[in-house]
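Undergrad: sequence and predicted structure below; questions after.
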Amino acid sequence: MSITDTAEIDAPAAPLTHLDAAQREERAKRSRRATFIKWLRKVHGWVGLWGAALGLLFGTTGFVLNHRMEPLRISPGAPQVSSMQIDVPDPAPETPREMAKWLRSQADLKLPARMGRVQKEPEHKVAWGDRTVVQPEHWQMMFISPDQNVTVEYWVGNDKLTLKRNENSLVATITNLHKGVGMSVGWVLFIDSFAGALILLSLTGVLLWTELNKRKTIGAVLLLGSIVVAVCVGLA
């Protein structure tokens, strides 16, 4: 065999070596992508389990809330009402907030934990037939929870407070749970976790659909971007 023939046989060796390196790099990229997608599926599954549990809760309460008006109205039932009067402490609190603090200190009243609306109507003149009289300052406070609310009324100068308790029916309680009426900070954070789970499920679902394919990813970005733009234009 001549030197020329030997050169012709050995010449393709360098391109083949280069091609093997490119193939190894491509395989490594595919392996990393497959590992990421596998991890993403696990995250999507566990977050989906959390979202499904909370979705069942809010689906049920949302169904009840959706039927609060005609047609197909689900009656919430009449609330159980009771009222009483108690003595004002001596000396009397000077502000509604101080009065609310004193009421909370009375354990036997069993007031709901969360403070609701507080109103203070200043002293003013009113007409009564041909007479003009001065209406004393009026305070109104509300303590709320999903299953009940207590309204407290006080006319400044009186020695009595009037308390009125409304106990909600089961349907009304479920509706209040859905709307977060009378709930604590813990409940707000709990609902935030549900909202975060829905966002994460949406993002991981899109990534799983695209499988990190360039064309699919660009299409998904364009679709989501157009939805965001449409919402922004609608709000504007």
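TA: Sure, I can see it. Residues are numbered from 1 along each chain as shown.

Undergrad: the domain parsing of this structure - what is it?
TA: Domain ranges of the chain: 20-69+187-235, 80-168, per automatic domain parsing.

Undergrad: lowest-pLDDT helix or strand in this protein?
TA: helix 3-10 (a mean of 48; mean pLDDT, DSSP states H and E).

Undergrad: about what we covered before: ranking the domains of the chain by burial, who's on top?
TA: domain 80-168 (a mean of 14; mean count of other C-beta atoms under 10 Å). Using the backbone N, CA and C atoms, a C-beta is placed for each residue, glycine as well.

Undergrad: show the end-to-end separation of that domain, please.
TA: 7 Å (C-alpha to C-alpha, to the nearest Å).

Undergrad: cool, stretch 121-139 as well?
TA: End to end - C-alpha to C-alpha - stretch 121-139 spans 6 Å.

Undergrad: and stretch 143-150, by the same measure?
TA: End-to-end distance (C-alpha to C-alpha), stretch 143-150: 5 Å.

Undergrad: tell me which helix or strand comes right after the least confident helix or strand of the chain.
TA: Remark: after helix 3-10, the chain's next helix or strand is helix 13-66, criterion DSSP states H and E.

Undergrad: that following helix packs against which elements?
TA: Using 3 or more C-beta pairs under 8 Å, 6 or more residues apart in numbering; DSSP states H and E, the elements in contact with helix 13-66 are helix 170-179, helix 185-210.

Undergrad: got the angle between that helix and helix 185-210?
TA: In terms of direction (axes from the mean of the first three to the mean of the last three C-alpha atoms, to 10 degrees), helix 13-66 departs from helix 185-210 by 140 degrees.

Undergrad: please name the residues that touch Gly205.
TA: His44 (C-beta atoms under 8 Å, 6 or more residues apart in numbering).

Undergrad: give me the pLDDT for the spatially most central residue of the chain.
TA: The residue lying closest to the centre of the chain (C-alpha atoms, centre = their mean) is Ile191, at 3.8 Å. pLDDT for Ile191: 78.
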